[in-house]
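Visitor: Based on what follows, work out the 3D shape:
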Amino acid sequence: MPTEKRYEGKPLLRLLELYVLKAIGELSRESEESLNAMAPKLQAIYGGDGRWEDAIAKALHMPDTMPEAIRDMWKKNLKIAHDNKVTLTAQQFAEMFVDNNFAG
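Guide: Presented below is the predicted three-dimensional model:
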């Protein structure tokens with residue numbers, strides 16, 4: 001689990017990582033349930049169609065193709081990790097993806 005210090009002053013950072021985990025099919029049931037409960041509040045803040053992940057996508061002006069692009073990058077990175085005999089966890093990928101694409 002990532003350290004809390006990573007998220008200090010960055011309220012969207014963890015939500016972005018969870019968005020990435022959802023896109024690659026690695027979001028835990030517990031996280032999904034709590035995010036679904038937060039969906040109305042997130043929609044009120046950011047807009048979207050009522051789903052938490054759509055509110056995050058709207059907040060960052062992501063294209064509809066973003067989940068597919070994330071999945072493609074996950075597959076490529078898994079292959080690179082495998083070829084280099086390194087383990088890449090879903091959380092490591094989510095952090096790396098967010099840091100490389102949404103660092104602000």
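
Visitor: pLDDT averaged over the helix or strand hosting Glu30 - what is it?
Guide: If you go by DSSP states H and E, Glu30 is part of helix 29-46. If you average the pLDDT over helix 29-46, you get 95.

Visitor: Pull the distance from it to the chain's centre.
Guide: Centroid displacement of helix 29-46 relative to its chain, using C-alpha atoms, centre = their mean, to the nearest Å, is 13 Å.

Visitor: which helices and strands sit right next to it?
Guide: helix 11-23, helix 52-59 (3 or more C-beta pairs under 8 Å, 6 or more residues apart in numbering; DSSP states H and E). Just so you know, the C-beta spots here come from the backbone N, C-alpha and C atoms, and that holds for glycine as well.

Visitor: What residues of it count as buried?
Guide: Of the residues in helix 29-46, Leu35, Ala39, Leu42, Gln43, Tyr46 count as buried by neighbour count, 16 or more other C-beta atoms under 10 Å.

Visitor: re the thing from before, could I get the helices and strands packed on helix 29-46 as JSON lines with distance to Lys85?
Guide: Output for the helices and strands packed on helix 29-46, formatted as JSON lines (distance: least, C-beta to C-beta, whole Å):
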{"stretch": "helix 11-23", "distance to Lys85": "24"}
{"stretch": "helix 52-59", "distance to Lys85": "33"}
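
Visitor: nearest to Val98, of those helices?
Guide: Closest approach to Val98 among these (C-beta to C-beta): helix 11-23, 4.6 Å.

Visitor: quick one on the thing from earlier: how about residues contacting the helix holding Glu30?
Guide: Residues outside helix 29-46 that contact it (C-beta atoms under 8 Å, 6 or more residues apart in numbering): 15, 18, 21-22, 27, 48-56, 58-59.
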